[in-house]
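Novice: Sequence and predicted structure, then a few things I'm wondering about:
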Amino acid sequence: MMGNLKRRTMMLPYILFTVYLLQCKFLVLAILDPVDFLALQSIRKSLNDLPGSNFFASWDFTSDPCNFAGVYCDGDRVLALNLGDPRAGSAGLIGRLDPAIGKLSALAEFSIVPGRVFGYLPQSLSELKNLRFLAISRNYLTGQIPAGLDQLRSLRTLDLSYNQLSGWIPPSIGSLPELSNVILCHNHFTGSVPRFISQSLTRLDLKRNNLSGSLSPFSLPSSIQYLSLSWNRLSGPVDRLLSRLDHLNFLDLSLNQFTGPIPGRIFTFPITNLQLERNLFSGPVEPIDQVTISTVDISHNRLYGEISPRFSTVQNLYLNNNRFTGQVPASFVDKLLAASIQILYLQHNYLTGIEINPTADIPVSSSLCLQYNCMVPPVQTPCPLKAGNEKTRPTAQCVEWKG
């Protein structure tokens, strides 16, 4: 009897230690808020690794979810959720996005790497009032942007690019006060471009959609630095709008139906690549100063008048397929022969001459195309295949345009 009591007394420290370990284990499991814990479980059930990915290998719900790959906590709440291996070229995830994402009420950042996540964006995203960063790019999302996203008053970055989203871009999205980056390119959006009020907006990328309608002079804030609206069906004049956006360092409005003049002031902006080709811009083009933009493409429009010598400092200049007339400025020839101009496309205009020696040695690094103008090209240079084979424009067209 006394022996058993002695043994029990000796075992007591070990029993207490075991209980302590068990308590510690349950404390570890209880670190995360139960609502967030269940939300992560639901999200995990709806997504899987694509072959070659092992992102979810660490998602063992018998341990602390705050140690899972892509999960970042602040205290007992999930603050950021970055799903998938972020390494370039790695396999992504497949499945749907569970509405339980809306239960992570403290979430400030949510992203999914490129993969095969499909289905609709959950309406419950609108419940994430603290969300500042939302990026689900290069997946297979369909349907519309939930209208309730206008409740995300803290949202700064919205990137849903390279999906299959459709419908209108909710006008209320433009009313979000903190937006700085909106990237919705390569989808199937229709309707008009909403008016954006955020004075923090620096990047707007809506290229490769089916957007239509016109842009008012005050539809975009002057803070924008990167603007891409190419490959849509947008129309109307933009000269007053562009004159306001003097912080632009990238502009691509190509392949639309914009009309009216191109403001001369835009050529003074700190832009490296100006893409305005394949629109319906018309009128003369007169930069207010020497152009320092390295690439200017205003081809395939309805621009006319003489070519300004202020374009001679452009490295890659596309003026082809317009209605320019007169002589090619002599400064263009000087810059071309000095290899300062690498591409000079002047084909398909109504130009009447260029002062260049037929035996001039054009640098190998430079390309000049003059065909289909109102002159016989004095030098034979290779032109793009799309320029056709005809060297000169029919005389009747030249007389008619001149008259």
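Specialist: Now that the structure is in, tell me what you want to look at. This is a predicted model, so every value here is computed, not measured.
Novice: May I have the residues that are in contact with P170?
Specialist: By CB atoms under 8 Å, 6 or more residues apart in numbering, the contact list for P170 reads I145, A147, L149, D150, P194. Where you see a C-beta, it was placed from the backbone N, CA and C, and this is true even at glycine.
Novice: just I136 next, same as before
Specialist: L97, F110, S111, I112, V117, L121, D159, L160, N163.
Novice: can you pull up the bridge partners for it?
Specialist: For I136, the beta-bridge partners are I112 (DSSP bridges).
Novice: same thing with the one 5 residues further on?
Specialist: Note on L141: beta-bridge partners G119, judged by DSSP bridges.
Novice: show me the contacts for it.
Specialist: Per CB under 8 Å, 6+ apart, neighbours of L141: V117, F118, G119, Y120, L121, L160, N163, Q164, L165.
Novice: Check N130 too.
Specialist: Taking CB under 8 Å, 6+ apart, we find N130 in contact with S105, A106, L107, A108, S154.
Novice: Could you identify the helix or strand that succeeds the lowest-mean-pLDDT helix or strand in the chain?
Specialist: Across the helices and strands of the chain, mean confidence by mean pLDDT, DSSP states H and E is lowest for helix 2-29: a mean of 44. Moving toward the C-terminus from helix 2-29, the next helix or strand (DSSP states H and E) is helix 34-46.
Novice: which one of the contacts of I136 sits closest to K45?
Specialist: Of all those, K45 sits closest to L97, with 11.7 Å by CB to CB.
Novice: Count the residues that sit near that closest one.
Specialist: With neighbours defined by other CB atoms under 10 Å, the count for L97 comes to 24.
Novice: From L141, how far out is it?
Specialist: According to CB to CB, to the nearest Å, L97 stands 8 Å off from L141.
Novice: which residues are common contacts for those two?
Specialist: Shared contacts of L97 and L141, defined by CB under 8 Å, 6+ apart, are found at V117, G119, L121.
Novice: Please spell out the PyMOL selection for the buried subset of the residues you listed.
Specialist: Of these, the buried ones go into a single PyMOL selection, burial set by 16 or more other CB atoms under 10 Å:
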select buried, resi 117+121
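Novice: In three-state terms, label the nearest residue in space to L176 that is not next to it in sequence for me.
Specialist: Excluding its sequence neighbours, the residue lying closest to L176 (CB to CB, 6 or more residues apart in numbering) is L155, at 5.4 Å. Following DSSP: H, G, I helix; E, B strand; the rest coil, L155 is assigned to coil.
Novice: In this model K129 seems to touch L155, though I could be wrong.
Specialist: No: with contacts counted by CB atoms under 8 Å, L155 stays clear of K129, the gap being 9.8 Å.
Novice: Of the two, which one has the most company?
Specialist: Between L155 and K129, counted using other CB under 10 Å, L155 has the larger neighbour count: 26 against 13.
Novice: Give me the below-cutoff pLDDT ranges for the stretch 201-350 of the chain.
Specialist: Filtered on pLDDT under 70, the stretch 201-350 of the chain yields no residues whatsoever.
Novice: where exactly do the strands run in it?
Specialist: In the stretch 201-350 of the chain, the strands defined using DSSP state E, counting those that start in this stretch lie at 203-205, 210-214, 226-228, 233-237, 250-252, 257-260, 273-275, 280-283, 295-297, 302-306, 316-318, 323-327, 343-345, 350-353.
Novice: and what of the stretch 51-200 of the chain?
Specialist: Using DSSP E, counting those that start in this stretch, the strands found in the stretch 51-200 of the chain span residues 71-74, 77-83, 93-96, 109-112, 116-119, 133-136, 140-143, 157-159, 164-168, 181-183, 188-191.
Novice: Can you tell me which of the contacts of L141 is closest to S222?
Specialist: Relative to S222, the closest of the contacts of L141 is L160; by CB to CB it sits at 25.0 Å.
Novice: Nearest residue to L344 in space, please, no chain neighbours.
Specialist: Closest residue in space to L344, ignoring its immediate chain neighbours: L368 at 5.0 Å, by CB to CB, 6+ apart.
Novice: Tell me which of the strands of the stretch 51-200 of the chain lies nearest to S198.
Specialist: S198 sits nearest to strand 181-183 of all these, at 9.0 Å, using CB to CB.
Novice: quick one: average confidence on that closest one?
Specialist: Averaged over strand 181-183, pLDDT sits at 98.
Novice: isn't G148 right next to L128, touching?
Specialist: No: the criterion here is CB under 8 Å, and G148 misses it with L128 at 10.2 Å.
Novice: These two: which has the busier surroundings?
Specialist: Legend: neighbour count by other CB under 10 Å for G148 and L128, higher for L128 (23 against 16).
Novice: Let me know the pLDDT of that one.
Specialist: At L128, the pLDDT value in this model is 97.
Novice: Repeat that for T381.
Specialist: Predicted confidence (pLDDT) for T381: 88.
Novice: residues near it, how many?
Specialist: For T381, the neighbour count with other CB under 10 Å is 13.
Novice: And the closest residue to it other than its chain neighbours, which helix or strand is it part of?
Specialist: Ranked by CB to CB, 6+ apart and with sequence neighbours excluded, the top spatial neighbour of T381 is L368, at 4.7 Å. Assigned by DSSP H and E, L368 belongs to strand 367-369.
Novice: that older thread, I'd like the strands of the stretch 51-200 of the chain laid out as CSV, including distance to L211.
Specialist: As requested, these are exported to CSV (distance: least, CB to CB, whole Å):
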stretch, distance to L211
strand 71-74, 35
strand 77-83, 29
strand 93-96, 27
strand 109-112, 25
strand 116-119, 23
strand 133-136, 20
strand 140-143, 17
strand 157-159, 16
strand 164-168, 9
strand 181-183, 13
strand 188-191, 6
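Novice: Of all the ones you listed, which one is nearest I354?
Specialist: strand 181-183 (42.7 Å).
Novice: can you pull up the bridge partners for G353?
Specialist: Residues in beta-bridge contact with G353 (DSSP bridges): Q327.
Novice: Near it, how many other residues are there?
Specialist: 14.
Novice: same deal with N357?
Specialist: Close neighbours of N357, defined as other CB under 10 Å, add up to 10.
Novice: and it, that's in a helix?
Specialist: No: counting by three-state DSSP, one finds N357 to be coil, located in no helix.
Novice: gap between it and V379?
Specialist: Per CB to CB, N357 is found 8 Å from V379.
Novice: cool, and S365?
Specialist: Distance, S365 to V379, using CB to CB: 16 Å.
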